[in-house]
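S.K.: Okay, here's the prediction I keep looking at, along with the sequence it came from:
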Amino acid sequence: MNELVSTLNGLVWSPALIYLCLGVGLYFSLRGRFLQVRHFKEMIRLMFTGKTDEHGITSFQALTMTLAGRVGTGNIAGVATAITFGGPGAVFWMWMVAFLGASSAFVESTLGQVYKEKLNGEYRGGPAFYIERGLGLKWYAWLFAIVTVFACGLLLPGVQANSIASSVNTAFGIDPNVTAAVLAVLIGLIIFGGVKRIAHFTQVVVPFMALGYILVALVIILLNIEKLPEVVMLIVKSAFGLEAGFGAIVGMAIQWGVKRGVYSNEAGQGTGPHASSAAAVSHPAKQGLVQGFSVYVDTLFVCSATAFMLLITGQYNVQAPDGSAMFTGIAGVAAGPGYVQTAMENMMPGFGNAFVAIALFFFAFTTILAYYYIAETNIAYINRKVKRPILTLLLKFGIIAATVYGTVHTATFAWDLGDLGVGLMAWLNIIAILLMHKVAYKCLKDYEQQLDEGKDPVFHPEKLGITNADYWGGSTSEDNLTAEKAEAQQQPQR
């Protein structure tokens, strides 16, 4: 089984997907005139405006639900793995994926809002919905939905759970079986409470955990501030093969940087639109811009915090493709959260191990919750036709079982399964948004025009020639009018 999964990963994560991720991100950035820079202030403003209603959640709650999925074990264990197999230069390519990926995140999340639906009293949307409505390809939409249910419901939770088990065992000596039981109970308590409970939990936990982790990383960087310029140069030079020690693995730096970057920030992967579609906003571009900012938080802030901690303290290893050691700074520790725990423990004895374990627990736990919501949304899509409510119940027990399985089994197999799930979703979604991106940029142009006119932008798809956006339904849609009214009451004077 391990060999089969590894072979499939080699096919899915071929150079074609690497170039596709970077190329599409660059094209969207040029197409939107680098909206991720032009609208940076607007992204921040929109995070804290808007209002929930009985069917949806706020922009900020949608952001934190998305960040719950983006900020996970990839920000700690994934960064360490990227440096191990791609060298310090992998960090630069993670940054590039984030910068370019912000535009991809805008496109996919805007499309999610345009083609969302109201199912069983809740807003639902995502790639399956916009593929069916925007492209008219039901078979392709079903394929994405089925792949996503398996990826997020069964393959990806094990990666997060395995990292939790590894870190708490290192820090506190807790047996993985005990960790598995605790995770199963906690996940069950939250996912049986529905999307509102997940949203309320993540809006409290996600900002707290991310800020806490970044602040501690900053302390370590400040304690070694004299090494910072050297580390930055090491990252940049290694990314282009200009560093003598790592010049031979520049290709691996790009591959691992992009792979771990996509895994961590998920831009273009198709996960972000699920939570962003649940937001009650008056214009799709609003949530698209908010979701673009989430990529920055994940990679440029949290992943960079991990990378600088490892590189500035020298607590990392680099391994050549043939398995030989190119750099050894932390002998006897496998690539993963153990690197970060060791680095922080060396700098802050008696505190570092425990802090990373606790941070990783919250990072990974909230990611599992986000995976559940994504898988449940695709079950909701499938149930529009098959009408089998038991599928949602099976998903709940399935994700708990996958979490328990991942907690007590080997990390390598868990990561391989996770990579396979991410890669398949990325292929399917990137092709879809590449075919549909014109709709997202119509929304952006309309949004910018209304802003220039001093209006609070409101979306009317028929005016833009956008069809099948049935939720919005033009100016006569009751739900759209409710969202407009709620937003208008909340908006500050411009």
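M.R.: Cool, the structure landed.
S.K.: So what touches the helix or strand where residue 25 lies?
M.R.: Secondary-structure assignment from DSSP states H and E places residue 25 in helix 15-31. Defining contact as C-beta atoms under 8 Å, 6 or more residues apart in numbering, one finds that helix 15-31 is touched by 35-36, 96-97, 99-104, 106-107, 254-255, 258-259, 262, 267-268, 423, 426-427, 430, 433-434, 437, 441. (Each C-beta comes from the backbone N, C-alpha and C, glycine too.)
S.K.: Just the terminal-to-terminal distance for stretch 113-132.
M.R.: Chord length of stretch 113-132, first to last residue, is 14 Å (C-alpha to C-alpha, to the nearest Å).
S.K.: what about it, distance to the chain center?
M.R.: Relative to the centre of its chain, stretch 113-132 is centred 19 Å away, using C-alpha atoms, centre = their mean, to the nearest Å.
S.K.: pLDDT weak spots in this structure?
M.R.: 50-56, 69, 194-196, 244, 247, 263, 336, 410-412, 414, 474-494 (pLDDT under 70).
S.K.: Nearest the geometric middle of it, what residue?
M.R.: For the chain, the residue nearest the mean C-alpha position is residue 70 (2.6 Å; C-alpha atoms, centre = their mean).
S.K.: if I pick it, what's in contact with it?
M.R.: By C-beta under 8 Å, 6+ apart, the residues touching residue 70 are 264, 265, 266, 271, 272, 294, 295, 297, 298, 367.
S.K.: With residue 439 instead?
M.R.: Per C-beta under 8 Å, 6+ apart, neighbours of residue 439: 110, 111, 114, 134, 466.
S.K.: Out of those residues, list just those in helices.
M.R.: Counting by DSSP state H, the contacts of residue 439 place 110, 111, 114 in helices.
S.K.: ranges for the strands of the stretch 151-300 of the chain?
M.R.: Here the stretch 151-300 of the chain has no strands by DSSP state E, counting those that start in this stretch.
S.K.: Only C-alpha atoms, please: export the helix holding residue 25 in PDB.
M.R.: In PDB, the C-alpha atoms belonging to helix 15-31 read as follows (Å, rounded to 0.1, in the frame of the first residue of the first chain):
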ATOM      1  CA  PRO A  15       6.500  18.900 -12.400                       C
ATOM      2  CA  ALA A  16       3.300  19.700 -14.400                       C
ATOM      3  CA  LEU A  17       1.400  20.500 -11.200                       C
ATOM      4  CA  ILE A  18       4.200  22.500  -9.800                       C
ATOM      5  CA  TYR A  19       4.300  24.700 -12.900                       C
ATOM      6  CA  LEU A  20       0.500  24.900 -13.000                       C
ATOM      7  CA  CYS A  21       0.300  26.200  -9.500                       C
ATOM      8  CA  LEU A  22       2.900  28.900 -10.100                       C
ATOM      9  CA  GLY A  23       1.800  29.700 -13.600                       C
ATOM     10  CA  VAL A  24      -1.900  30.100 -12.800                       C
ATOM     11  CA  GLY A  25      -1.100  32.200  -9.800                       C
ATOM     12  CA  LEU A  26       1.100  34.500 -11.900                       C
ATOM     13  CA  TYR A  27      -1.500  34.700 -14.700                       C
ATOM     14  CA  PHE A  28      -4.200  35.600 -12.200                       C
ATOM     15  CA  SER A  29      -2.000  38.200 -10.500                       C
ATOM     16  CA  LEU A  30      -1.300  39.900 -13.900                       C
ATOM     17  CA  ARG A  31      -5.000  39.600 -14.900                       C
END
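S.K.: pull the CA atoms of whichever helix or strand comes after that helix into CSV?
M.R.: Moving toward the C-terminus from helix 15-31, the next helix or strand (DSSP H and E) is helix 35-38. Extracted in CSV, the C-alpha atoms of helix 35-38 (Å, rounded to 0.1, in the frame of the first residue of the first chain):
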residue,chain,number,x,y,z
LEU,A,35,-5.0,42.9,-6.6
GLN,A,36,-3.2,41.2,-3.6
VAL,A,37,-1.1,44.4,-3.4
ARG,A,38,-3.6,47.0,-4.7
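S.K.: Give me the contacts around helix 35-38.
M.R.: Contacts for helix 35-38 (C-beta under 8 Å, 6+ apart): 29, 99, 102, 103, 106, 289, 292, 296, 444.
S.K.: So which of those residues is surrounded by the most neighbours?
M.R.: Counting neighbours by other C-beta atoms under 10 Å, residue 106 leads the contacts of helix 35-38 with 33 neighbours.
S.K.: doesn't residue 294 make contact with that one?
M.R.: No: between residue 106 and residue 294 there is no contact under C-beta atoms under 8 Å: 10.4 Å.
S.K.: Show me what the host helix or strand of residue 392 is in contact with.
M.R.: Secondary structure from DSSP H and E places residue 392 in helix 390-408. Under the criterion C-beta under 8 Å, 6+ apart, residues 149, 153-155, 157-162, 164-165, 176-177, 179-181, 183-184, 187-188, 191-192, 368, 371-372, 375-376, 379-380, 382-383, 414 lie in contact with helix 390-408.
S.K.: How about stretch 137-146?
M.R.: Contacts of stretch 137-146 (C-beta under 8 Å, 6+ apart): 127-129, 131-132, 135, 270, 378, 381-382, 425, 428-429, 432.
S.K.: residues near residue 214, how many?
M.R.: Neighbours of residue 214 under the rule other C-beta under 10 Å: 15.
S.K.: which residues sit in contact with it?
M.R.: Neighbouring residues of residue 214 by C-beta under 8 Å, 6+ apart: 301, 302, 305.
S.K.: next one: residue 305
M.R.: 213, 214, 217, 218.
S.K.: Then residue 433?
M.R.: When contacts are counted by C-beta under 8 Å, 6+ apart, residue 433 touches 24, 104, 107, 108, 111, 127, 268, 440.
S.K.: name the element it belongs to?
M.R.: Going by DSSP H and E, residue 433 is in helix 411-452.
S.K.: now the angle between helix 390-408 and that helix, please.
M.R.: Orientation check (axes from the mean of the first three to the mean of the last three C-alpha atoms, to 10 degrees): helix 411-452 against helix 390-408 gives 130 degrees.
S.K.: Any buried residues in the next helix or strand after helix 411-452, and which?
M.R.: Once the chain leaves helix 411-452, the next helix or strand it forms, by DSSP H and E, is helix 461-464. Neighbour counts using 16 or more other C-beta atoms under 10 Å place residue 461 of helix 461-464 among the buried residues.
S.K.: Quick check: the nearest residue to residue 430 once chain neighbours are set aside vs residue 171, distance?
M.R.: Nearest residue to residue 430 in three dimensions, chain neighbours excluded: residue 268, at 5.0 Å (C-beta to C-beta, 6 or more residues apart in numbering). Per C-beta to C-beta, to the nearest Å, residue 268 is found 34 Å from residue 171.
S.K.: what do you get for residue 288?
M.R.: According to C-beta to C-beta, residue 288 stands 39 Å off from residue 171.
S.K.: Looking at these two, which one has more neighbours?
M.R.: Remark: of residue 288 and residue 171, residue 288 carries more neighbours, 32 against 20, as counted by other C-beta under 10 Å.
S.K.: Neighbours of the nearest residue to the more buried one once chain neighbours are set aside, how many?
M.R.: Nearest-residue entry for residue 288: residue 110, 3.3 Å, with adjacent residues in sequence omitted and distances by C-beta to C-beta, 6+ apart. As a burial measure, residue 110 scores 32 neighbours (other C-beta under 10 Å).
S.K.: For residue 110, give me its contacts.
M.R.: By C-beta under 8 Å, 6+ apart, the contact list for residue 110 reads 284, 285, 287, 288, 439, 440, 443, 444.
S.K.: what does residue 463 give?
M.R.: Residue 463 touches residue 446, counting by C-beta under 8 Å, 6+ apart.
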